[in-house]
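[1] The sequence and its predicted three-dimensional model are supplied below.
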Amino acid sequence: MKREKIAILGGSFNPPTLAHLRIVQSALDQLGAERGIFIPSCDKYVAHKIKKSGRPVEDALPAILRVLMLEATIRDDPRLEVDERELAGSTGRTLLTLQEIGRENPDAELYYIFGGDKLDVLAGWKTFVEVTEAAKLIVFAREDYDPAAIIRENEALRERADALVVLREPEGISEISSTLVRQRAARGESIDDLLAPGATRLYRWEVAKKGAIIRFDGAVKALANDFPTPIKRAGTTFSSVEAALQAAKSLDPEVRARFKGLDASEARALGETIAVRPDWDEVKDAETEDLLRVKFGKYPNLKKILLSTENKELIDGGIDRDLYWGFDFRRVAGQNRLGEILMKIREELRARG
C-alpha cells in the first residue's frame, strides 16, 4: 500500500508570500505528495525573532492575520491546509510538532521543508537526529547553491543523508521575501507580485491600520465587555458589561434577573435563547454606551487603562475571521461599534481630566 506523503512548512509567515506557496507546491509536485501543511509560529516566537533581528516588535503581524493571509494564499489549491497548533505556545517547537503530526498520521511519510542556505547550522541542532527521525528534511538547490555538496562535506549531515532530500528550487522565487513586502508597503509601492490577491488586500488593510488596537487582550483586556467588572443596573448587579447588556435585551424583569451571577460567556449563551425586545436594534448602542460609562466612570483603574490607549484607534476586540474577510470593518453593520463608543468615552474622560 502506497504511503501518503505530507510536506510541511513552518515559519513566521510575516507575511506569507507567493514564494512560500510555490515552495510547498513545488515540493508536492516533485515528491508526488498528496498534502501540504503550513504551520505558522505563535505571536511570542515571532516577536522574539523580530526583536532579535533588531527590528521593532511592531513589525509582527497578529497570528489571526497571518493565518488568514495563509488561507487566502492557498485557497485555490485543495492539497494545501493551514495548521494552527503552534499558535497557543510561546516558543518554536518543530520537533514536537513533527512528532504530533506523525502520531496523527501513522501511515504517512513526513517531509519538513528546510531552508537550504541554513544547512551549515542544521547539524548543530540539539534535536537534529530526532527531527530527521520524525521527518525527512527537504532542502532546495539552485544554480548558486548545491546542498548535496554541503551534505557530502559535513560528517554529521552525511550520516543522516538518507533523511535529507534535495529538490530543485522553483524558478522566480529568489527575489520574493516577507522583508521585501514590508519594505515596499512602507514606501507605498505595489506588492501585488509578492502576495496572493486575497492576502494583498488583508496586508494593505493591516498597514493602513498600523498602530490601531485590534485585540482587547494583554494590557488592554479590560476594554472588552467580557472583562469581569461588577455593574449595577436597575437594582441588579451583573458580573460584567456583557452580562448586563445581554440582560438588557429583555424588557421582562424576571428574565433580566436570570442573568444575575452569570459570567460573560454564560450570559451570552442565555441571551441566545430569550425573546428579544422589538426595539433592541435601535437601543442596543445606547445601552452599551451607558454601561461603558458606568464601567469606566466608577473604576479608576479601568479609566486609566482606557486613557493609556492615547489616540490609538480602537477596533472591536471581537476580531475574527468574518471581520477580516469583510476587509472593511465599517461596512459590517455594528461590528466596530464597541471601538467607536470606547473612543468617544475616552475623549470625554480626557476632557474632564
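    In hand now; what should we look at?
[2] low pLDDT regions in the protein?
    Applying pLDDT under 70 to the chain flags residues 1, 90, 116-117, 208-211, 316-336.
[3] Tell me how far the longest strand along it lies from the chain's centre.
    Using DSSP state E, we find that the single longest strand of the chain is strand 4-11. In terms of CA atoms, centre = their mean, to the nearest Å, the centre of strand 4-11 is set 20 Å apart from its chain centre.
[4] Beyond it, next helix or strand please.
    Going down the chain from strand 4-11, the next helix or strand is helix 18-31, by DSSP states H and E.
[5] Counting by contacts, list what that following helix packs against.
    For helix 18-31, the elements it packs on are strand 4-11, strand 35-40, helix 63-74, strand 80-82, strand 108-113, strand 136-141, strand 164-168, judged by 3 or more CB pairs under 8 Å, 6 or more residues apart in numbering; DSSP states H and E. C-beta: built from backbone N, CA, C; applies to glycine.
[6] Please repeat the previous calculation with a cut-off of 7 Å.
    The helices and strands touching helix 18-31, judged by 3 or more CB pairs under 7 Å, 6 or more residues apart in numbering; DSSP states H and E, are strand 4-11, strand 35-40, strand 108-113, strand 164-168.
[7] Let me know which of the ones you listed is tucked in deepest.
    strand 35-40 (a mean of 24; mean count of other CB atoms under 10 Å).
[8] What lies in contact with that strand?
    The contact list for strand 35-40 (CB atoms under 7 Å, 6 or more residues apart in numbering) reads 4, 6-10, 13, 24, 28, 63, 66-67, 70, 74, 79-83, 85-87, 97.
[9] Can you list the strands that that strand pairs with?
    According to DSSP bridges, strand 35-40 forms sheet pairs with strand 4-11 (parallel), strand 80-82 (parallel).
[10] buried sites along the last one?
    Spelled out, that is strand 80-82. 80, 82 (16 or more other CB atoms under 10 Å).
[11] For it, what is the distance to the chain centroid?
    15 Å.
[12] what do you get for stretch 343-353?
    For stretch 343-353, the distance to the chain centre is 31 Å (CA atoms, centre = their mean).
[13] could you dump it to CSV, C-alpha only?
    Presented in CSV, the C-alpha positions along stretch 343-353 are these (Å, rounded to 0.1, in the frame of the first residue of the first chain):
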residue,chain,number,x,y,z
MET,A,343,-13.1,56.2,21.7
LYS,A,344,-16.0,58.6,22.4
ILE,A,345,-15.9,57.9,26.1
ARG,A,346,-12.1,58.2,26.1
GLU,A,347,-12.4,61.7,24.7
GLU,A,348,-15.0,62.6,27.3
LEU,A,349,-12.8,61.3,30.1
ARG,A,350,-9.8,63.1,28.8
ALA,A,351,-11.7,66.4,28.5
ARG,A,352,-12.9,66.1,32.1
GLY,A,353,-9.3,65.4,33.3
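[14] For it, buried residues please.
    Under 16+ other CB under 10 Å, the buried positions of stretch 343-353 are 343, 345-346, 349.
[15] just those now: which is nearest Pro147?
    Set against Pro147, the nearest of the buried residues of stretch 343-353 by CB to CB is Met343 (53.2 Å).
[16] wouldn't that closest one be in contact with Lys312 here?
    No: the pair Met343 / Lys312 is not scored as a contact, 8.9 Å apart, by CB atoms under 7 Å.
[17] helix or strand for Arg204, which one?
    Using DSSP H and E, Arg204 maps to helix 197-208.
[18] And for Glu86?
    Short version, using DSSP H and E: Glu86 is in no helix or strand.
[19] hang on, isn't Val46 packed against Gly11?
    No: under the criterion of CB under 7 Å, Val46 makes no contact with Gly11, lying 9.2 Å away.
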